[in-house]
Every structure is written in C-alpha cells, then in structure tokens.
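Trainee: what would the 3D arrangement of this be:
(2 chains)
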Amino acid sequence: MAGETAKVDPMHQFTIEPLFGTQNLDIAGYNIAFTNSALWMLITAVVLWVFMLGGMKRQLVPGRWQMMVETFTGFIDDMLEANIGKAGRKYVPYIFSLFMFILFANLLGLMPLGVVGLHPFTFTSHFTITGVLAIMSFLIVLTVGFWKHGLHFFSLFVPSGTPLIMAIFIAPIEFISFMFRPFSLGLRLFVAMMAGHVLLEVLSSFVIDGWNAGAGFGLLVGVPSFVLMVAICALEILVSGIQAYVFALLSSLYINDAENLH
Amino acid sequence: MDLEAAKMVGAGLAAIGAGMAALGVGNVFGSFLESALRNPGAADGQQGRLFIGFAAAELLGLLAFVVAMIILFV
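Mentor: Residues are numbered from 1 along each chain as shown, chains lettered A, B, ... in the order given. Down below sits the predicted model:
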C-alpha cells in the first residue's frame, strides 16, 4: 500500500493469528493451528447452543425465551413454506442453522467487548468462511437437483416456452448466472461485513487522531465522527440481520430451483 | 503519473460504483414504499421479493468495493 502507514490500521482487525501456542500444529503438511477465527466460531456455536437449549422446553404456554426461539423457527418455516412450498419443510434445519449461525456471528462480531480488552473477531468478514457456507448451499442445490430430476435438471438452463433460436443464446447466459451463484452468495456477506468494520475503524481513527491533534480538531472532527459512529453502529446491527436474512433467503430460492424446476 | 498514483486514482474511480449501487438500493426501497402505501394489504406478501431486489442491487456496489480493495492491496 502506498503512502505513510496510518496510526490506526483499519485492516489489522482482520488478521488471523494462532492462539494458545498451536501455530506449529501440522497434519499431513497442512497447518491446523487453532486461530482466533476458530475460537470465535466455537463461541458462536456455544452461544447458539445455549440460546436454543433455553428455548426447547416445549411448554404449552411458552415463556419469553421459548417465545424468542419459536419466533425465529417460525420465521424460517414461513419463509421456506412461501418460497418452496410443502417440500420446503425438510430444509428447515439447514436454513435455520445457516441463518442463526450467520446472525449470531455478525452480532457477536459487533459486540463492544474491546472495552474490557477482549477483541471480537468477525469471522464472516473472511471469504474462506462465507465461501464454504455458500458452497454448502450450492452443493445441496446440485445434489437435490440431480437426485430428484436426474439429467432433466439441465432444463433449468432453458426456461419453459423458450423458442429454439433464443434457447441457444439463453442457455449459456443461464449457465453462467447459475455458476456465479455461490460466488455472489459468499461475496455479498463477506464484503458487507468487511466494509462495515473498516468504516467503523476509519471513523474511530478520526476520533482518536482528531483529539490527539488538539481540542479544536477534537471538537471539529472528533465529535461529529463519534456521533456518526454511533449511527453507523445502529446501521451495522441492521446490516447484520439483513445479510443473514438475505443469505438464508437466496439459499432457499436456489433450493427452490432444484426442488421445482421452473 | 507513476503506478502508485494511478492505483489510488483507480480505487477512487471504483467508488463511483458504490455510489451507483446506492441509487439502485434507494430505488428498490423507494419503489416498494411507493406501491406499499397505495396498497398496504399486499405489501407484506412482497417482502421476500423486496429483499431479493435489494440483494441484487447491493451486490454490484459490493463488487465495486472488492475491485477497489483488489487495486489497493493485491
């Protein structure tokens, strides 16, 4: 990168570093160090597990916690019912796990735990993670499609009622758009999370550098930046929810293509 | 103009794409609100389509951001 290095490096928060002295752990020549990314994935899984455990009491009159969990499951259930139909019920566990895992990861990454010295790591801001999640969805689409329809699945690339002359042009375009799906799915989540965290870091560097340059700059630059930061934090919480929702929604739409050919 | 300066200018130009995506996303939500206020009863059923449109418009802006990042850091 050109220019002098800034005091606050906005990209430093995405560094993956091995923890607990496991940096030399190798299996068959591949490094499998326990990194901060793995740690936060584990924390997300545990928090999600505790959240679900508290809500699975099956009481006839649900308490607040059970109500919260049932709202989420009902939300995903309705979404799959609306997009796929009756056959969508069997995908509820997958889409629900995907949605909750991404949602909890995004929200945990935004937690202001840095105040007590524990810096959260948003693992959804890495393409390796979101890419694997997207490939999982894509593989389910391929498996379901070929399992259910056999080679007839390729008719996905020719929308019904297309004249033969148009089909020659449309089929390659549909094929490219189909193959681009996992990339767009993973890229969207990863870039949205990364851009938000870089923005917060840059704004916080304005606050710090502004006050370091004197009270005048602090009032002129630092205070407005801080107010903007609070607003952007609220926006980021919204983005966390929307991106998790969009990931689940698009996954269910792609599964719908495989389940009922269009 | 040397290479470093050209890279910076290129990354800045890529930000135009992000602004264009802002127009697109605003258009998606604006059109939705416009028609939702005409027929509030039908609005809830179209929320899925609203977010599909949002995701499609937003993706292109995010791609512009990725291009800027690739120019700057790779």
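
Trainee: when you work out contacts or count neighbours from here on, use the C-alpha atoms and nothing else.
Mentor: OK.

Trainee: verify the contact between residue A:222 and residue A:212 for me.
Mentor: No - using Cα atoms under 8 Å as the test, residue A:222 is too far from residue A:212 to be in contact (9.6 Å).

Trainee: higher neighbour count, these two?
Mentor: A count of neighbours by other Cα atoms under 10 Å in any protein chain shown puts residue A:222 above the other of residue A:222 and residue A:212, at 24 against 12.

Trainee: not counting its neighbours along the chain, what's nearest that one?
Mentor: In this structure, residue A:222 finds its nearest non-sequential neighbour in residue A:207, 4.1 Å apart by Cα to Cα, 6 or more residues apart in numbering or on different chains.

Trainee: spit out the contact partners of that neighbour.
Mentor: Listed by Cα atoms under 8 Å, 6 or more residues apart in numbering or on different chains, the contact set of residue A:207 reads A:218, A:221, A:222, A:223, A:225, A:226.

Trainee: give me the residue at the spatial middle of chain B.
Mentor: Per Cα atoms, centre = their mean, the C-alpha nearest to the average position across chain B is that of residue B:21, at 2.5 Å.

Trainee: give me the pLDDT value at that one.
Mentor: Listed pLDDT for residue B:21 reads 90.

Trainee: which helix or which strand is home to it?
Mentor: Assigned by DSSP states H and E, residue B:21 belongs to helix B:3-38.

Trainee: tell me what that helix is packed against?
Mentor: helix B:40-43, helix B:47-73 (3 or more Cα pairs under 8 Å, 6 or more residues apart in numbering or on different chains; DSSP states H and E).

Trainee: residues near residue A:200, how many?
Mentor: 20.

Trainee: go on, the one 3 residues further on?
Mentor: If you count neighbours by other Cα under 10 Å, residue A:203 ends up with 22.

Trainee: ditto for residue A:112
Mentor: Residue A:112 has 12 neighbours, counted by other Cα under 10 Å.

Trainee: next, it: phi, psi?
Mentor: Here is the backbone geometry of residue A:112 (degrees, to the nearest 10): phi -80, psi 50.

Trainee: that one and residue A:200, how far apart?
Mentor: Separation of residue A:112 from residue A:200 (Cα to Cα, to the nearest Å) stands at 12 Å.

Trainee: which pLDDT value goes with residue A:244?
Mentor: 92.

Trainee: residues contacting it?
Mentor: Residues in contact with residue A:244, defined by Cα under 8 Å, 6+ apart, are A:99, A:100, A:102, A:103, A:189.

Trainee: the last one contacts residue A:241, doesn't it?
Mentor: No - shown here, residue A:189 and residue A:241 do not form a contact pair, counting by Cα under 8 Å, at 10.9 Å.

Trainee: tell me which of the two has more neighbours.
Mentor: Neighbour tally, residue A:189 and residue A:241, criterion other Cα under 10 Å: the higher count belongs to residue A:189, 28 against 17.

Trainee: so the more buried one is in which element?
Mentor: Applying DSSP H and E as the criterion places residue A:189 in helix A:181-212.

Trainee: give the buried residues for the longest helix along chain A.
Mentor: Counting by DSSP state H, the longest helix found in chain A is helix A:223-259. The neighbour-count check on helix A:223-259 (16 or more other Cα atoms under 10 Å in any protein chain shown) flags A:223, A:225-226, A:229, A:232-233, A:236-237, A:239-259 as buried.

Trainee: tell me which of the helices and strands packed on helix B:3-38 sits most buried.
Mentor: Most buried of those by mean neighbour count (mean count of other Cα atoms under 10 Å in any protein chain shown) is helix B:47-73; its value is a mean of 18.

Trainee: okay, and for chain A, where does confidence drop off?
Mentor: A:1-8, A:21-22, A:262 (pLDDT under 70).

Trainee: can you give me the strands in it?
Mentor: With strands called from DSSP state E, chain A shows them at A:26-27, A:30-31.

Trainee: now what about the first one, what contacts it?
Mentor: Residues outside strand A:26-27 that contact it (Cα under 8 Å, 6+ apart) are A:32, A:33.

Trainee: what strands line up against it, and which way round?
Mentor: strand A:30-31 (antiparallel) (DSSP bridges).

Trainee: quick one: distance of the partner strand to the chain centre.
Mentor: 25 Å (Cα atoms, centre = their mean, to the nearest Å).

Trainee: cool, stretch A:232-242 as well?
Mentor: 13 Å.

Trainee: before we move on, back to that, list the buried ones in the helix holding residue A:189?
Mentor: Result for helix A:181-212 [16+ other Cα under 10 Å]: buried residues A:181-182, A:184-198, A:200-211.

Trainee: and that helix with helix B:47-73, angle?
Mentor: 60 degrees (axes from the mean of the first three to the mean of the last three Cα atoms, to 10 degrees).
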